[in-house]
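Trainee: give me the fold of what follows.
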Amino acid sequence: MSQIDVNSPEFQAELEKTWQFVEKVNRQFGFVQNPDEEINEGVAMGLARNRLIYGKRYCPCFMVIGETPEERKKADNRICPCKPALEKEIPEQGHCHCGIFCTPEYAERHAKEEAMEEAVHTHSRGLSAEEAQILLDKEQLDGDELEALLEARELGMVSFELIDVREPMEFQMGHIKGTDALWPTSQFYDWFEKVQNKKDDRLILYCHTGSRSYQVQHVMKAQGFKHVGNLTYGIISFGGEIER
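Mentor: Below you'll find the predicted structure:
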């Protein structure tokens, strides 16, 4: 396999051509680049590398199969912009597998998510109502994110129910302030039928380490509950107020 010197004039010239290619694809299909510049730079460098090695801009996120041009053509390797990205990934997900080509709508939302994540984890400011709603859409939440959502709920920005799925003894020993109900995992079949009217409600589950709540989350989603979030690492990861 050829070794590529990324600082060589040859590579830098090809990288410049690759950026021109990316801009051309964006203009042709109405795409925009990912708001995350690291993603764009990594993919562009991979495309340039493959162009120098193989003579084509094979997708850098997949292994190039085949020793000869004929074998590579027969293997149907992805060549950027690849057919799966144009026909399925971008229309359905808003971005290609590698992430460099995005719809304007996805890029705008992703940029907002990045700003929201920075605010949540640096505690630099409170969330806007729009950011709180974006955060509430996440299926897996960390302690900082749940704390920010509870604050947003107190301010009337979002509405959801926080559910503890541990056992009554654990709940009494300490639970997250703002918990709305206790649905013990061991009594799942007792309470599950009683909450069928909540299939459209926003619910966030938690347990001790996140394992039980994760299992309950997936069962509920499989049974038609549309908006069920989970505190990924459980109450032990939560830095907010605990009631005992």
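
Trainee: right, and E139 touches M220 too?
Mentor: No. At 11.4 Å, E139 and M220 do not qualify as touching, with contact defined as Cβ atoms under 8 Å. Glycine gets a C-beta too; all of them are placed from N, C-alpha and C.

Trainee: who's more crowded, those two?
Mentor: Between E139 and M220, counting by other Cβ atoms under 10 Å, M220 is the more crowded of the two (22 against 14).

Trainee: measure how buried the residue nearest to that one when sequence neighbours are not counted is and give me the count.
Mentor: Excluding the flanking residues, the one nearest M220 by Cβ to Cβ, 6 or more residues apart in numbering is V228, at 5.0 Å. Residues lying near V228 (other Cβ under 10 Å) number 22.

Trainee: could you tell me which residues make contact with V228?
Mentor: Applying Cβ atoms under 8 Å, 6 or more residues apart in numbering to V228 gives the contacts 139, 203-205, 217, 220-221.

Trainee: can I assume N230 sits in a strand?
Mentor: Yes. According to DSSP: H, G, I helix; E, B strand; the rest coil, N230 belongs to a strand.

Trainee: residue ranges of the strands in the chain, please?
Mentor: With DSSP state E as the criterion, the chain has strands at 32-33, 101-102, 140-141, 161-164, 175-176, 181-182, 202-206, 227-231, 242-243.

Trainee: low-confidence ranges in the chain?
Mentor: The model of the chain has pLDDT under 70 over residues 1-2.

Trainee: how's the protein carved up into domains?
Mentor: The record assigns the chain these domain ranges, following automatic domain parsing: 9-102, 109-238.

Trainee: give me the distance between the longest one and the centre of its chain.
Mentor: Going back to what we said before, that points to domain 109-238. Put simply, domain 109-238 sits 16 Å off its chain's centre (Cα atoms, centre = their mean, to the nearest Å).

Trainee: what of the shortest one?
Mentor: Distance of domain 9-102 from the chain centroid (Cα atoms, centre = their mean) equals 21 Å.

Trainee: now a ChimeraX select for only the buried ones of the contacts of V228.
Mentor: Selection of buried members from the contacts of V228 for ChimeraX, criterion 16 or more other Cβ atoms under 10 Å:
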select :203,204,205,217,220
